[in-house]
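Visitor: got a sequence here, can you build the structure:
(one chain, ligands or ions: 1)
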Amino acid sequence: MQHSFTEENYLKIIHTLSGKDGIEVSTSAIAESTATRAASVTDMLKKLSEKGLINYKKYQGVTLTGLGENLALKVIRKHRLWEAFLVGKLGFGWDEVHEIAEELEHISSDILVERLDAFLDYPQFDPHGDPIPDARGNMPDSEYRKLSELKSGDKAVLMAVLDHSQPFLQYLDRTELNLGIRLEILETNEYDHSYLLRIDDRKDLFVSGQVARHLLVQP
Ligand SMILES: [Zn+2]
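Guide: Next up, the predicted model:
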């Protein structure tokens, strides 16, 4: 069955909002993420429910069915593979690829995705450090924590970013906060939740609490 861009984006958003434990997602949370009026969200939810992609009852939260979950993972897989391709093979910066991948993720050819995956030698993570589901929908393990959850004296490796916007990624480039670097927390400041970091044992850098909340690390 063919699904529209919008339907696929809704499934992706529900997947993200419901998290690993598959909690129920409210209509208002979806309306907020999609910047859409609640009435339009309700119409779309009815449609997705009729197609067997979500469990939806009026005035209750929404969850993905097995079918919906599979489709969401497929779209996420394509998005992340295309990002890996754009950065790894076409020379794009990691700050330039999200919007392009938002379009490419809706190409429906399965054989294209499988060839792309093989061409890239089956990458497990995309350029932002997000895990890429395999063809059966299995995600590689990534039990990361936010940098903002660590305390003074802790050491960790920077593994992924939670914000894919250009200003954020360009800030990371300028300050050389690249994936794979080792961080040590020298100081945490309770007043503004900022951090003083030592990077790869060679330089120190202050980051704001806002930045620390968007960096994922492996302690
Ligand atoms: Zn992206």
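Visitor: so what's whichever residue of the chain sits closest to the ion up against?
Guide: Distances between the chain and the ion by CB to the ion are smallest at His98, namely 3.7 Å. For glycine as for every other residue, the C-beta is placed from the backbone atoms N, C-alpha and C. Neighbouring residues of His98 by CB atoms under 8 Å, 6 or more residues apart in numbering: Glu83, His164, Ser165.
Visitor: before we move on, what about Asp201?
Guide: Taking CB under 8 Å, 6+ apart, one finds Arg182, Glu184 in contact with Asp201.
Visitor: for Gly22, helix, strand, or coil?
Guide: coil (DSSP: H, G, I helix; E, B strand; the rest coil).
Visitor: could you pull out the strands in the protein for me?
Guide: 54-56, 62-64, 145-146, 155-161, 182-189, 194-199, 203-207, 215-218 (DSSP state E).
Visitor: same question for the first one, mean pLDDT?
Guide: Confidence over strand 54-56, taken as the mean pLDDT, stands at 95.
Visitor: what lines up beside it in the sheet?
Guide: strand 62-64 (antiparallel) (DSSP bridges).
Visitor: now do the strand it pairs with, average pLDDT.
Guide: On average, strand 62-64 scores 95.
Visitor: just the residues contacting it, thanks.
Guide: 11, 14-15, 18, 22-27, 30, 45, 53-56, 72.
Visitor: model confidence for the residue of the chain closest to the ion, exactly?
Guide: 94.
Visitor: what's the spacing between the spatially most central residue of the chain and Asp163?
Guide: In the chain, the residue lying closest to the centroid (CA atoms, centre = their mean) is Asp130, at 5.8 Å. Asp130 sits at a distance of 12 Å from Asp163 (criterion: CB to CB, to the nearest Å).
Visitor: show me which residues of this protein are close to the ion?
Guide: Neighbours of the ion within the chain, by CB under 5 Å from the ion: His98, His164.
Visitor: list the buried residues of stretch 91-102.
Guide: Within stretch 91-102, the residues scored as buried using 16 or more other CB atoms under 10 Å are Phe92, Trp94, Asp95, Glu96, Val97, His98, Ala101.
Visitor: mind checking which of those residues are in helices?
Guide: With DSSP state H as the criterion, helices contain His98, Ala101 from among the buried residues of stretch 91-102.
Visitor: report the contact partners of the closest residue to Glu102 other than its chain neighbours.
Guide: Leaving aside its chain neighbours, Glu102 sits nearest to His79 (7.2 Å; criterion: CB to CB, 6 or more residues apart in numbering). If you count contacts by CB under 8 Å, 6+ apart, His79 has them with Lys12, Ala101, Glu102, Leu104, Glu105, Asp126.
Visitor: please parse this protein into its domains.
Guide: According to automatic domain parsing, the chain comprises the domains 5-64, 74-142, 145-218.
Visitor: quick check: the residue nearest to the centre of the chain touching Ala160?
Guide: Yes: proximity of Asp130 to Ala160 meets the contact threshold set by CB atoms under 8 Å, at 6.0 Å.
Visitor: name the residues contacting each of these two.
Guide: By CB under 8 Å, 6+ apart, the residues touching both Asp130 and Ala160 are Ser142.
Visitor: now do the end-to-end distance for stretch 160-171.
Guide: 15 Å (CA to CA, to the nearest Å).
Visitor: what does stretch 156-166 give?
Guide: 24 Å.
Visitor: flag every buried residue along that stretch.
Guide: Going by neighbour count (16+ other CB under 10 Å), the buried part of stretch 156-166 is Ala156, Leu158, Met159, Ala160, Val161, Asp163, His164.
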